[in-house]
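Undergrad: Need a 3D model of the sequence below.
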Amino acid sequence: MYLKPYNNIILFDGVCNLCNESVKFIIKKDKKAHFKFTSLQSEMGQTLIRSCQNDLDSTKQQSVILIKNNKAYTHSTAALLIAKHLSFPWNLLYAGILIPKFIRDGIYNIIAKNRYKWFGKVSDACLLPNKEFNSRFL
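TA: You can find the predicted model right below:
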């Protein structure tokens, strides 16, 4: 299936409290509206995941995926690339890219593995944007 080029799309776990709160935080700190959002569980999210299957390990549960120029970034790399485009001082977190990937992904994976236990699930429904931010969601 051919998809038009997708850029700066954040796919998030729509039933995870931490993920939903992270999306709200990104929207507030992304002053230039750089990112668009869709949940991993949505039809669009599943289509995007299939289109980037060469970049993704389907055996690993994802909590955030960043699609930039039709390439998927996951784990700490996705989080840091997102932070790079947030307002000051949050954009300084991008300096974490200098930490070896196995260390930062190790920390990321501990949080991702425990996110439901520590932060809970919202329900079986995904985050619904308010009218002000509706255009930011696919």
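
Undergrad: Which helix in the chain has the most residues?
TA: Secondary structure assigned by DSSP state H gives helix 101-119 as the longest helix of the chain.

Undergrad: Need the contact partners of it.
TA: 13, 16-19, 21, 61, 63, 75-77, 79-80, 96 (Cβ atoms under 8 Å, 6 or more residues apart in numbering). (Glycine included, C-beta is placed from N, CA and C.)

Undergrad: residue nearest the centroid of the chain?
TA: Val64 (3.3 Å; Cα atoms, centre = their mean).

Undergrad: State the distance from that one to Thr74.
TA: In this view, Val64 and Thr74 are 7 Å apart by Cβ to Cβ, to the nearest Å.

Undergrad: other SSEs contacting the lowest-mean-pLDDT helix or strand in the chain?
TA: Between all helices and strands in the chain, the lowest mean by mean pLDDT, DSSP states H and E belongs to helix 43-51, at a mean of 85. Applying 3 or more Cβ pairs under 8 Å, 6 or more residues apart in numbering; DSSP states H and E, we find helix 43-51 packed against strand 9-12, strand 36-39, strand 64-68.

Undergrad: Not counting sequence-adjacent ones, nearest residue to the residue nearest to the centre of the chain?
TA: Ala78 (5.2 Å; Cβ to Cβ, 6 or more residues apart in numbering).

Undergrad: close enough to count as contact, the one you found and Ser63?
TA: No: Ala78 is beyond contact range of Ser63, at 9.2 Å (criterion: Cβ atoms under 8 Å).

Undergrad: In space, what's closest to Asp30 - neighbours in sequence excluded?
TA: Leu86 (5.9 Å).

Undergrad: Can you get me a residue count around the closest residue to Lys31 other than its chain neighbours?
TA: With Cβ to Cβ, 6+ apart as the criterion, Lys31 has its nearest non-adjacent residue at 5.1 Å, and that residue is Ser87. Other residues lying near Ser87 total 11 when counted by other Cβ atoms under 10 Å.

Undergrad: I figured Ser87 was touching Ala33, is that so?
TA: No: using Cβ under 8 Å, Ser87 is not in contact with Ala33; the gap is 11.8 Å.
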